[in-house]
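Peer 1: Build the 3D model from these lines:
(one chain, ligands or ions: 1)
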Amino acid sequence: MLIKSFDEYKQVYDYSIKNPEKFWDEIAQNFYWRKKWDKVLEWNFRDPNIKWFINGKLNITENCLDIPAKKHPDKIAFYFEPNHPDEKSYSISYKELLEKVCQAANALKELGVKKGDRVAIYMPMIPEATIAMLACARIGAIHSVVFGGFSAQSLADRINDAECSILITADAGKRGNKIVPLKQTADEAIKSTHSIKKVLVLKHTGESIAFDNQRDVWWHEIVPQQKTFCEPEVMDSEDMLFILYTSGSTGKPKGVVHTTGGYMVYTAYSFLNVFQYEPNDIYWCTADVGWITGHSYIVYGPLLNGATSVIFEGIPTFPDAGRFWQIIDKYKVTHFYTAPTAIRSLEAFGTDIIKQYKLDSLKVLGSVGEPINEEAWEWYYQNIGKGKCPIVDTWWQTETGGILISPLANITPLKPSYATLPLPGIIPVLVDDKGNEIQGNNVEGNLCIKFPWPSIIRTTYGNHERCRQTYFSTYENLYFTGDGCKRDQDGYYRITGRVDDVINVSGHRIGTAEIEDAINQHPDIVESAVVGYPHPIKGQGIYAYVIPTKEIKDVKLLHKEVNDLITKIIGPIAKTDVIQVVSGLPKTRSGKIMRRILRKIAEGETYNFGDTTTLLDPSVVDEIKQAKLKSELR
Ligand code: 7RM
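Peer 2: Numbering: from 1, shown residues only. The predicted structure is shown next:
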């Protein structure tokens, strides 16, 4: 499976494109299947209908746990590093992890969970979050992890959409000097749901919480006494493994569905090759399991390779901005995978703090979640990697399940801010707005993928048409990513950012429509329009234009109220950075807001707004611009 040189990459890539089925057939042979597949692939992007490893039977947790536990029972699967360095850290071996997952799986069975049931997981970044996910997979239940920073309403929406019968949560989580009241938020959420029968609660911080004896069950009262083995449920390759909600341009977040066989093969293969992971390496991905990066490259990808990983509950700046570097030294981390926003925020603390640490265990650095600007790339390369660790700038999405465009560490020649080249089996194409493929190099367009890969999205939960519409209808016979992209003279890819109404704030995807819906619930606001603008640390900041019902005397107060409302409805990650009160929005005659213009104003453009002839009332543009300039002069 492991590619060892750039020449080999080119050969393998070529082979994978010419014989995709043969290529993936050979890769899939490296795993343990209860029954091999009859056929590698059936697909069309029209419906869409995509099936990999047809009629293959397996349980992904046997590959993640039983196989490595047999090969090296005492090898560490996870090092847990708590929020504060003075709290207790510990490690879990593969044998222990298998046993813990089996106990949790048996507990879920006791609570009535069956194959195909949906289980919501709302947990801090602690090993039990991973154990809960794997316990679901063990018994064929479908996990739906909801990021612990989301609000009660966001949690309720996700529980309702998938009709989850069980919620797994903790009393609370810790993030820096903040306590995240997970159980309290969960209780609030459950009030507006109907499907939850039981809530499994882990005691983590010891916070006092409300407890419903009929509905709530303590983890420590049901899990540890279970048998340490649980017979894995035999799943079909195309049985659902998990649902993960993600934001798009319109409506509520969609439940992206990934299935078992293809997801396993692709996450394992991409992890091994991108990171060039070797058996004694220590890998650390700083993401949260609430995002796809956590699913694919904290849980499944590393475990499928028998890797040793660090799980960290805290934040980069607590108790001080040296926390990441201290953890790297403590565990002798060889592979460090984080987001550009974290890099930029730590850069702001200067290099003196870094000099207190050795960082000499590092071999490979990774970046994910948003475009990494050249300046941040150089800073990361020089100050963290000391000029000797390659940076793998990994481009991918919740919908792709795994990394599609990225350098292979120490193999692909790097170029700052370029995700470089596609992984084997991936055929990226750039298309113009009419859907014509743009050939050749030194070009720019909308990024699409031409051929399926094993971990491609299968459907959006409960609404297949929405999946077709969103990803497969913009351009015929292509998967549309929503990203803009350049291909340079060497055929290298550079992602330029979203071309749709999705904002990427600190690597988190948020739909402008979701934020507008929340803002519009404010009693003094009639209408709003939200756009992203360049932000030095977050990548993009959130700029909201609002039309009030009455004269606003205190804009600062309104801003605070709007952000409190957004926090309540979505979560703090969607708070606006700037709010501007306006009397009208630039709309076309058909009533569509011209966000392009609002984006330009938010960016500080004062002159060139492009074609404004289709606007119903072009004077609003000048008014908004003048008001912005005036407020900046104040
Ligand atoms: C993994 C993840 C997906 C969106 C995607 C892009 C952006 C992610 C990169 C990137 C430039 C990268 N999944 N994105 N990685 N842009 N370079 N290396 O983030 O579903 O949450 O977001 O993130 O816009 O479409 S996600």
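Peer 1: element containing residue 92, please.
Peer 2: Here residue 92, judged by DSSP states H and E, is contained in strand 90-93.
Peer 1: what's the average pLDDT for that strand?
Peer 2: Averaging pLDDT along strand 90-93 yields 98.
Peer 1: Now do it: which elements does it pack against?
Peer 2: strand 76-81 (3 or more C-beta pairs under 8 Å, 6 or more residues apart in numbering; DSSP states H and E). All C-beta atoms are positioned from the backbone trio N, CA, C, and that covers glycine.
Peer 1: Lowest-scoring secondary structure element of this protein by mean pLDDT?
Peer 2: In the chain, no helix or strand scores lower on mean pLDDT, DSSP states H and E than helix 619-633, which sits at a mean of 84.
Peer 1: neighbouring contacts of that helix?
Peer 2: Identification of contacts with helix 619-633 by C-beta atoms under 8 Å, 6 or more residues apart in numbering yields 545, 580-586, 597-598, 601, 606, 609, 612, 615.
Peer 1: What residues of it count as buried?
Peer 2: By neighbour count on 16 or more other C-beta atoms under 10 Å, the buried set for helix 619-633 is 620, 621, 624, 625, 627, 628.
Peer 1: Spell out the secondary structure type for the closest residue to residue 453 other than its chain neighbours.
Peer 2: Spatial nearest neighbour of residue 453, excluding adjacent residues (C-beta to C-beta, 6 or more residues apart in numbering): residue 425 at 5.1 Å. Per DSSP: H, G, I helix; E, B strand; the rest coil, the local secondary structure of residue 425 is coil.
Peer 1: Kindly provide the distance from residue 425 to residue 56.
Peer 2: Residue 425 sits 17 Å away from residue 56, going by C-beta to C-beta, to the nearest Å.
Peer 1: more neighbours, those two?
Peer 2: Remark: of residue 425 and residue 56, residue 56 carries more neighbours, 25 against 22, as counted by other C-beta atoms under 10 Å.
Peer 1: From what I see, the more buried one and residue 35 are in contact.
Peer 2: Yes - contact criterion C-beta atoms under 8 Å: residue 56 and residue 35 qualify, at 6.5 Å.
Peer 1: name the helices or strands packed onto the strand or helix carrying residue 376?
Peer 2: Following DSSP H and E, one finds residue 376 within helix 374-379. Secondary-structure packing of helix 374-379 (3+ C-beta pairs under 8 Å, 6+ apart): helix 340-347.
Peer 1: can you rerun that using 10 Å?
Peer 2: helix 340-347, strand 364-368, strand 391-394 (3 or more C-beta pairs under 10 Å, 6 or more residues apart in numbering; DSSP states H and E).
Peer 1: what's the distance between the residue lying closest to residue 348 once chain neighbours are set aside and the ligand?
Peer 2: Leaving aside its chain neighbours, residue 348 sits nearest to residue 537 (6.9 Å; criterion: C-beta to C-beta, 6+ apart). Distance, residue 537 to the ligand, by C-beta to the nearest ligand atom, to the nearest Å: 16 Å.
Peer 1: got it, and residue 577?
Peer 2: Residue 577 sits 19 Å away from the ligand, going by C-beta to the nearest ligand atom.
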